[in-house]
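# only the shape, not the letters, is given here:
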């Protein structure tokens with residue numbers, strides 16, 4: 001009987017290990033959730049990446065797309081054996097900016113907060129900013145002002 005129990009336990013462990021590996025692989029391929037926001041002077045891409053530390057993150061900008069690679073390392077717990085590795089070690093995210101986005105990718109910045117929200121701000125080029133239009137004074141109004149000033153000087 002003992003041999004049968006050990007065989008059953010061993011078979012169950014093998015199944016759990018395979019399922020855990022499968023789930024881990026699926027999770028590694030699952031894209032990270034993100035939002036793309038736009039202000040007058042920048043785009044903001046926000047990824048959810050709980051459990052990530054700053055050293056786990058790689059951010060790139062390639063051909064209109066913010067690309068994120070997260071290599072999360074599991075903590076080891078003394079006295080415990082990994083039975084079901086469900087948290088992926090490597091996760092990828094890609095967020096495409098609008099096709100007409102004119103950005104200064106070399107000036108982008110990334111911030112990771114404590115709850116695992118990764119914020120990437122990509123400034124727009126200054127060339128794309130609006131320029132205020134100022135009206136020139138009407139020439140007739142300028143001539144009238146000059147006549148008034150001349151008349152005032154003549155009376156003195």
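Now that the structure is in, tell me what you want to look at. From a predicted model like this one, the values you see are computed outputs, not experimental measurements.

# where does the chain have low pLDDT?
1-30, 84-88, 127-156 (pLDDT under 70).

# would you map the helices across it?
Ranges of helices in the chain, per DSSP state H, are 2-29, 139-155.

# distance check, the closest residue to residue 70 other than its chain neighbours against residue 56.
Nearest in space to residue 70, with sequence neighbours left out and distances taken as Cβ to Cβ, 6 or more residues apart in numbering, is residue 91 at 4.4 Å. The C-beta positions use only the backbone N, C-alpha and C, and glycine is treated the same way. Using Cβ to Cβ, to the nearest Å, we find residue 91 at a distance of 9 Å from residue 56.

# same question for residue 73.
Counting by Cβ to Cβ, the gap from residue 73 to residue 56 is 7 Å.

# swap in residue 42?
25 Å.

# which residue ranges form the strands in the protein?
In the chain, the segments counted as strands under DSSP state E are 34-38, 42-48, 57-62, 65-71, 90-96, 109-112, 117-123.

# quick one: contacts of the fifth one?
Translated: strand 90-96. 27-28, 30-34, 36, 45, 47, 49, 64-72 (Cβ atoms under 8 Å, 6 or more residues apart in numbering).

# hmm, which of those are the buried ones?
Buried members of the contacts of strand 90-96, counted by 16 or more other Cβ atoms under 10 Å: 32, 34, 36, 45, 47, 49, 66, 67, 68, 70, 72.

# do I have it right that the first one meets residue 47?
Yes - using Cβ atoms under 8 Å, residue 32 is in contact with residue 47, at 5.0 Å.

# is residue 67 bridged to anything, and to what?
residue 60, residue 94 (DSSP bridges).

# contacts for stretch 44-52, please.
32-38, 57, 66, 68, 70, 72, 87, 91, 93, 95, 97, 112, 115-122.

# on that earlier part again, burial measure for the residue nearest to residue 70, as a count.
Neighbour count of residue 91, defined by other Cβ atoms under 10 Å: 21.

# for the one 5 residues further on, same thing?
Residues near residue 96, counting by other Cβ under 10 Å, number 13.
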